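Colleague: Pasting the sequence and the predicted model now:
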Amino acid sequence: MNCRSIVLATMVAICLLVPSGCKEVSQAFVHLDNGHDRPVTIFVDGIYAGRVESGHSRRLTLPLGHHEFFVKDDQRVVYSAAHRLDSGDRPYRTPVFILNPDGNNRYCELQLAMRPIETGHEDGLVTLTSHQEPPLDDQCIPTQVIKTLPEKTLPEKTLPEKILPEKILPHDITTETLSAAEVRAQYKAILRRFNLRSPTTFFQVEHAEHQFSPIPIAAFPTEETEPSPSALARIPHPLHRYLSEAFAVDHPTRQDLEMLRKAESAAIACVPVR
């Protein structure tokens, strides 16, 4: 067999293998994330699809295409809308969508630059912690971090009286010597690890590899050069508002940088790990 025949045979073999190895997806995942204060029942195209407890999520596997979503609690209709599930420009990757029918939750996709604290969750049902402005003790954001965020981002009704008068104290700010350019570079680098989602009831996950189910410790790299996992996190409303404002800052100060670092730690703390 001459070289031309070998090349031709190789090309034919590749053509035969590619379709089976890169088959276009025909389904999508839709996570119904219930931020409502009651259990809800979901119907898709008029067919019962399940019941989701308050503060929990349920993943549905649906064929690509147009679907009618109908969600109700025991008293009223919570959500009724049609959506098209499409793989877009990534036809070989199963698209993931989030349906938060009540619109109460706030989300961000983030690169886990540090490992969250293990939470011990064993199943895929993660208790919601950022639903309807809960008391600080029930939120995943640490109280000591909340206390250092700018006061204008915090709704007073959720703050214990003992910390209402407190301001950002000098000892909360690092004394590292950075130039304005270095501060801005580090600030923008942190923001690039976030994809903050606008408040909405339905959206497609763009980058996050993990949604809601606890991330196994094995998913985290052992070497600094290895990429860290990404996750979709439910975050408290005050933290979402603070991050929204952080993206609008063009000339951050050292204090802005320190606050953003603490906000990133708080967002990462919202990601469950087992």
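Modeller: Thanks, I have it.

Colleague: residues making contact with stretch 183-201?
Modeller: For stretch 183-201, contacts defined as CB atoms under 8 Å, 6 or more residues apart in numbering pick out 79, 81, 99-103, 106-111, 113, 178, 203, 206-208, 240, 243-244, 246-247, 249, 251-254, 256-257, 260-261, 264, 267. Quick note: C-beta positions are derived from backbone N, CA and C, even for glycine.

Colleague: Now, the residues you listed that are in strands?
Modeller: Among those, the members found in strands (DSSP state E) are 79, 81, 99, 107-111, 203.

Colleague: buried subset of the contacts of stretch 183-201?
Modeller: For those, a burial check counting by 16 or more other CB atoms under 10 Å picks out 79, 99-102, 106-111, 208, 240, 243, 246, 252, 254, 256-257, 260, 264, 267.

Colleague: pretty sure H207 contacts E109?
Modeller: Yes: with contact defined as CB atoms under 8 Å, H207 and E109 form a contacting pair (5.3 Å).

Colleague: can you count the residues close to V77?
Modeller: Per other CB atoms under 10 Å, the neighbour tally for V77 reads 10.

Colleague: Make residue 1 into 390 and carry on from there
Modeller: Got it, the first residue is 390 from now on, which makes the last one we talked about V466.

Colleague: Can you tell me how far it is from F432?
Modeller: V466 sits 11 Å away from F432, going by CB to CB, to the nearest Å.

Colleague: Now do the domain split for the protein, please.
Modeller: 414-488, 496-658 (automatic domain parsing).

Colleague: Least reliable of the ones you listed by average pLDDT, please.
Modeller: Ranked by mean pLDDT, the domains of the chain end with domain 496-658 at the bottom, a mean of 72.

Colleague: okay, how far is it across that domain, tip to tip?
Modeller: For domain 496-658, the first and last residues are 13 Å from each other (CA to CA, to the nearest Å).

Colleague: Which stretches in the chain count as strands?
Modeller: Using DSSP E, strands in the chain cover 416-422, 429-433, 436-441, 446-452, 454-461, 466-474, 485-488, 496-500, 583-585, 591-593, 599-600, 619-623.

Colleague: which parts of the fifth one are buried?
Modeller: Okay, so that is strand 454-461. Under the neighbour-count criterion of 16+ other CB under 10 Å, strand 454-461 has 456, 458-461 buried.

Colleague: what number of residues lie near H599?
Modeller: Residues within reach of H599, counting by other CB under 10 Å, total 20.

Colleague: residues in contact with it?
Modeller: Applying CB under 8 Å, 6+ apart, the residues near H599 are 608, 618-621, 660.

Colleague: for it, which residues make a bridge with it?
Modeller: A620 (DSSP bridges).

Colleague: Relative to A635, how far out is A570?
Modeller: 18 Å.

Colleague: can you give me the helices in the protein?
Modeller: Along the chain, counting by DSSP state H, helices occupy 392-410, 532-535, 569-580, 626-635, 643-658.

Colleague: where do the contact lists of H596 and E498 overlap?
Modeller: With CB under 8 Å, 6+ apart, H596 and E498 have common neighbours 584, 619.

Colleague: So what's the residue count around the closest residue to R663 other than its chain neighbours?
Modeller: Spatially, and ignoring its direct neighbours in sequence, R663 is nearest to P603 (4.0 Å; CB to CB, 6 or more residues apart in numbering). The tally of other residues near P603 (other CB under 10 Å) stands at 21.

Colleague: same deal with V429?
Modeller: 23.
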